[in-house]
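1. Sequence and predicted structure, then a few things I'm wondering about:
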Amino acid sequence: MSFEEWLGLLKRLAELSGSLHVLDIDASPFDGLLLNIDGYSAQDSRLPWMSWSDWGWKATVAALSDIAASGGKPAAIAYSVGAPSIQVMEEVARGVGEAARWAQVSVLKSDTNRARGDSWIDVAALGFTLRPVGRGNARPGDLLIQVGLLGYGLVATLAFEGKLEVAEFPESLEYSRRPRPPLEIGHKLAECGAAAAIDNSDGWAASLYQLSLASEVRVGLESYLAANEALEALGRVGASEELLLQSWEDYTLAVAAGREAAECILAHCKKRRIPCAVVGELREGRGVEFKGKEVPPLGWSPLPP
């Protein structure tokens, strides 16, 4: 299944469930609130070097990142976990709680189930917003802003494929286990007047492609902000910088904004010392290009056969 076919399946499922009207926003708006839910199976999302508490942390932060990408301030979560043993349930709960305390959100409810096969987790996140920010309001001429660093997911991929030792990249190892994206930027996106935004879960190029489709614009990417370890990893394996565009689960934000809104966002990033820069511009057309070259929507996704 191609990425385009996967997006088509998501659209079909949204039609069947009645959620098509909120397909192009990371978290759904409801009367000043934002709601998101994410679910994972351990087999497809728990990396070999992750503990069960790490897995609970990552699932929690991933759900909260969508609140931030939608212009919201994360406030609370609820979660449900299925696992074959009490020990796994306890470790996951510990990780969820540690992530919630780090993000300064409440855990409103939890649910536990016996799983006879693969473990799974669902995390629902709740936030507040002044104005929801979706993926569909970007226009040609808007600037593309990257918030956060790119490349931790790339290092994890190369390590998972046996091309390098993840222990030699301690910053990437820690981030892949327990990501700490700048969640506090979310409410500023709404306040500053961002036109559109999406977070990088499945791959930077894939995320930009989704923004392109939703807003019916062409994304002209000219540069990027990358973690130093990611650049070192590219050098070690002899790969081109284009491979960096496939990096996933960095929870980097791609934000489309007019010049005034962009200046407001960049000023906030500078004040809070958040890595942030204009990395491109939106144009007429469709798709994603990097330095003038067409980029396919590659990354990582749990595509069914």
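-> Received the coordinates, thanks. Numbers count the residues shown, from 1 in each chain.
2. When you work out contacts or count neighbours from here on, use the C-alpha atoms and nothing else.
-> Fine.
3. per-residue confidence at Arg116?
-> Arg116 carries a pLDDT value of 89.
4. And Glu5, by the same measure?
-> Glu5 is given a pLDDT of 85.
5. To which secondary structure element is it assigned?
-> helix 3-17 (DSSP states H and E).
6. I'd like the distance between the nearest residue to Ser201 once chain neighbours are set aside and Ser45.
-> Spatial nearest neighbour of Ser201, excluding adjacent residues (C-alpha to C-alpha, 6 or more residues apart in numbering): Glu249 at 4.3 Å. Distance of Glu249 to Ser45, computed by C-alpha to C-alpha, to the nearest Å: 10 Å.
7. So the two - more neighbours on which side?
-> Neighbours per residue (other C-alpha atoms under 10 Å) separate Glu249 from Ser45, with Glu249 holding more: 24 against 16.
8. residues in contact with that one?
-> For Glu249, the contacting residues are Tyr152, Gly153, Ser176, Asn200, Ser201, Asp202, Gly203, by C-alpha atoms under 8 Å, 6 or more residues apart in numbering.
9. Quick one: which of these has the lowest pLDDT value?
-> For these, the pLDDT minimum is Asp202, 88.
10. In this structure that one contacts Pro297, no?
-> No: using C-alpha atoms under 8 Å, Asp202 makes no contact with Pro297, being 9.7 Å away.
11. Which of the helices or strands spans Glu289?
-> strand 288-290.
12. Give me the contacts around that strand.
-> Residues contacting strand 288-290 (C-alpha under 8 Å, 6+ apart): 205, 208-209, 212, 218-223, 242, 294-297.
13. Pull up the pairing partners for that strand, direction included.
-> Strand 288-290 has the following sheet partners, assigned by DSSP bridges: strand 218-221 (parallel), strand 293-294 (antiparallel).
14. mind listing the helices for the stretch 51-200 of the chain?
-> Using DSSP state H, counting those that start in this stretch, the helices of the stretch 51-200 of the chain run over residues 52-69, 86-103, 152-160, 170-177, 186-192.
15. tell me the most buried of the ones you listed?
-> Of these, the one with the most neighbours on average (mean count of other C-alpha atoms under 10 Å) is helix 52-69, at a mean of 28.
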